[in-house]
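**Q** task: produce atomic coordinates for the following.
(chains A and B)
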There are 2 protein chains.
Amino acid sequence: MILLLIPTFGGAEVWRRAFAAAMPELEVRVWPELGNAGEIEAVALGVPPAGALRKLSSLRLIVSLTAGTDGLLRDPDLPAVPIVRSGDPSGDAMMNETTLLHVLFHHRHMPDYLRAQARCEWIKRPITPARERKVGVMGLGMIGLAAAKMLASFGFAVAGWVRHPRPGGEIEIFSGADRLAAFLNRSEILVNLLPLTEDTRGIVRAETLAMLPAGAAVINLGRGDHVVEADLMAALDSGHLAAATLDVYPVEPLPGDSPLWRHPKITVMPHVARRLLPEDVAPRICEILRQFRAGAALTGLVDRKQGY
Amino acid sequence: MILLLIPTFGGAEVWRRAFAAAMPELEVRVWPELGNAGEIEAVALGVPPAGALRKLSSLRLIVSLTAGTDGLLRDPDLPAVPIVRSGDPSGDAMMNETTLLHVLFHHRHMPDYLRAQARCEWIKRPITPARERKVGVMGLGMIGLAAAKMLASFGFAVAGWVRHPRPGGEIEIFSGADRLAAFLNRSEILVNLLPLTEDTRGIVRAETLAMLPAGAAVINLGRGDHVVEADLMAALDSGHLAAATLDVYPVEPLPGDSPLWRHPKITVMPHVARRLLPEDVAPRICEILRQFRAGAALTGLVDRKQGY
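**A** From the prediction side, this is the model:
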């Protein structure tokens, strides 16, 4: 089997070493060195370079290097082959870390303290026990579920919102559009980890922000297009929301003239929620290739209709 | 038995309710309502108001509401009775939370990102797995040990520094003055949770800061007098240190003309590491009173010579 890798992170040599260790018999070609493109049966990539998929006439399997497959699914040349995500089904340690950092940042009123420091002002804000802090996680996929469980194990009062009903286990679950208001009503810190689909685009907008309790904070770790930025800024300016942290934007890098940069209640993070390491990801891609060769069920298979 | 409470936190009524629930037979007087001061056998307090201890002629026991007893031990009227700290021997959840927040803040380069936002600049700093991040905790008392274990359970490469040798368990231990350099040499993020004693006053100074690796961060959650502020600012200005977070200061509130407020690499927190709750602390004070009445060993007994 010949795999084409179009890296979104990591250097070609690091990837080659990682694949050589995980599956010595695999022939790996690294974009843009295609060789005979018609021989390539599997590709691992993020958002495809324009026209790249058209060249792969024998393609039988696509492995997504990213958890969000919205960019891949928009490719006009996408062939009708299985798409599998290479993320660790048990979640992502760096994403858990990022989620906890930003939840703690708002839970402990860091935006207020940083602004007070700029005024040389000694202020006191209430310190709330974690068990009394209601955190809401939108999206309980591989990444969101692990993050929600981690927040719960740290002591926060966590609830999750998902599209389809499912048993809760460690965390309270709200499911479906008709339970979104109840979920938002109780979420003092809202964390977005949804996939971007036509149903979730713009889900964080004036109407939903108004459902959050006064003084709530919003953390967007999903996609930029989940948030209507003008509505977010209006909710911050009105005083309804206390603060927000954004890590993702419709256009990245965030343009220098975006009003987000200078908004006093927004923390702008430059899409640094996590870093994938070839030595972690290559073995998971090889496991998917083994499942595929054996005709077994594919872990992480994407439902194109759902969009994730 | 009659207990005098001199609250450093919480209102009188909240304390009264908490004591009534924990030990209904206890007579509690709340400062400044002393009644007949000669009847008072136990006092629970932080730093004593000037002259307060002199009035308590029958005092047999002092319970410290704070983990640091440096202010109490400096009282010129301190009688020769046992001093016991009321802190939870298993550590303090809010202090763990504060420690993790500030360690994550530096681990994930938040000071750099906040400064970059002020310049409207999209920057990328390396994202390091927690297992590769060496955190050093100075002081492994009730609070420090619990914080160090929590950081280790979160995946950080944690070591602790203490005065006397002890077995390590989950974390690597460096002990004694002759191992301080080795401990500092490996600590990329240094957290101070030491008690303030004559030995530890000014322990974070030019000489010790120089032992930290280049690019290190310093977090002071102990006492203001642990840090020589001018030396810290010099180490930041020279570029040897990346950033620092301070929560405590020799004089609080931090005076408006302190250069710390406007230092670009220092995050000034207004002594908000934790909040004690009467409903958590009153039962522990009652447990100490029961031990005392029964003539049993006192949990949390302070060694006056050591200073903690």
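**Q** which parts of the stretch 51-200 of chain A sit against chain B?
**A** Neighbours of chain B within the stretch 51-200 of chain A, by Cβ under 8 Å from any Cβ of the partner chain: A:93-94, A:97-98, A:100-101, A:104-105, A:107-108, A:110, A:113-114, A:116-117, A:120, A:122-127, A:129-130, A:154-155. Placement of C-beta: from N, CA and C, glycine included.
**Q** then the stretch 201-308 of chain A?
**A** Close to chain B, as judged by Cβ under 8 Å from any Cβ, the stretch 201-308 of chain A has residues A:252-254, A:256, A:261-262, A:267-270, A:272, A:274-275, A:277.
**Q** from these, which two are the most distant?
**A** A:Arg262 and A:Leu277 (34.3 Å; Cβ to Cβ).
**Q** so the two - more neighbours on which side?
**A** A:Leu277 (15 against 12; other Cβ atoms under 10 Å in any protein chain shown).
**Q** what distance do you get for the nearest residue to the more buried one once chain neighbours are set aside to chain B?
**A** Nearest non-adjacent residue to A:Leu277, counting by Cβ to Cβ, 6 or more residues apart in numbering or on different chains: A:Gly10, 7.1 Å away. Separation of A:Gly10 from chain B (Cβ to the nearest Cβ, to the nearest Å): 13 Å.
**Q** wait, a helix at A:Gly10?
**A** No: A:Gly10 is assigned coil when assessed by DSSP: H, G, I helix; E, B strand; the rest coil, not a helix.
**Q** check contacts around it.
**A** A:18, A:276-278 (Cβ atoms under 8 Å, 6 or more residues apart in numbering or on different chains).
**Q** and the gap between it and A:Pro278?
**A** 4 Å (Cβ to Cβ, to the nearest Å).
**Q** shared neighbours, the two?
**A** Shared contacts of A:Gly10 and A:Pro278, counting by Cβ under 8 Å, 6+ apart, come down to A:Ala18.
**Q** partner residues bridging the residue nearest to A:Arg29 when sequence neighbours are not counted?
**A** The shortest distance from A:Arg29 to any non-neighbouring residue, by Cβ to Cβ, 6+ apart, is to A:Leu4 (5.1 Å). Listed beta-bridge partners, A:Leu4: A:Arg29, A:Val43 (assigned using DSSP bridges).
**Q** count the residues that sit near A:Ile189.
**A** Neighbours of A:Ile189 (other Cβ under 10 Å): 26.
**Q** whoops, A:Ala50 was the one
**A** Using other Cβ under 10 Å, A:Ala50 is surrounded by 10 other residues.
**Q** ok, and what's touching stretch A:168-185?
**A** Contacts for stretch A:168-185 (Cβ under 8 Å, 6+ apart): A:136-138, A:140, A:148-149, A:152-153, A:158-167, A:190, A:208, A:211-213.
**Q** and that stretch, end to end?
**A** Start to finish, the residues bounding stretch A:168-185 are 19 Å apart (Cα to Cα, to the nearest Å).
**Q** in the stretch 51-200 of chain A, which spans are strands?
**A** A:61-64, A:83-85, A:134-138, A:157-162, A:172-175, A:189-192 (DSSP state E, counting those that start in this stretch).
**Q** helices and strands around the first one, which ones?
**A** With contacts defined as 3 or more Cβ pairs under 8 Å, 6 or more residues apart in numbering or on different chains; DSSP states H and E, the secondary structure elements packing on strand A:61-64 are strand A:42-45, strand A:83-85, helix A:278-293.
**Q** so which of those is the most packed in?
**A** Mean neighbour count (mean count of other Cβ atoms under 10 Å in any protein chain shown) peaks for strand A:42-45 among these, with a mean of 25.
**Q** quick one: contacts of it?
**A** Residues contacting strand A:42-45 (Cβ under 8 Å, 6+ apart): A:1-6, A:8, A:31, A:52-53, A:56, A:59-65, A:72, A:86, A:285, A:289, A:292.
**Q** hmm, back to that, check contacts around the residue nearest to A:Arg29.
**A** A:28-31, A:34, A:40, A:42-45, A:56.
**Q** now do A:His271
**A** Applying Cβ under 8 Å, 6+ apart, the residues near A:His271 are A:247-249, A:252.
**Q** tell me the SS of it?
**A** Strictly by three-state DSSP, A:His271 counts as coil.
**Q** would you report the backbone torsion angles of it?
**A** With angles defined as degrees, to the nearest 10, A:His271 sits at phi 50, psi 70.
**Q** pLDDT score for it?
**A** On pLDDT, A:His271 comes in at 97.
**Q** just give the nearest non-adjacent residue to A:Ala130, would you?
**A** A:Gly155 (3.8 Å).
**Q** can you pull the contacts of the spatially closest residue to A:Glu132 that is not a sequence neighbour?
**A** For A:Glu132, ignoring the flanking residues on the chain, the nearest one in space by Cβ to Cβ, 6+ apart is A:Ala157 at 6.9 Å. By Cβ under 8 Å, 6+ apart, the residues touching A:Ala157 are A:130-135.
**Q** with A:Asp92 instead?
**A** Contacts of A:Asp92 (Cβ under 8 Å, 6+ apart): A:67, A:142-143, A:146, A:274.
**Q** what's the neighbour count on A:Trp122?
**A** Neighbour tally, A:Trp122, other Cβ under 10 Å: 19.
**Q** how about it, nearest residue that isn't a chain neighbour?
**A** B:Pro253 (3.7 Å).
**Q** quick check on the one you found: phi, psi?
**A** Here B:Pro253 shows phi and psi, under degrees, to the nearest 10, equal to phi -60, psi 150.
**Q** pLDDT score assigned to it?
**A** 97.
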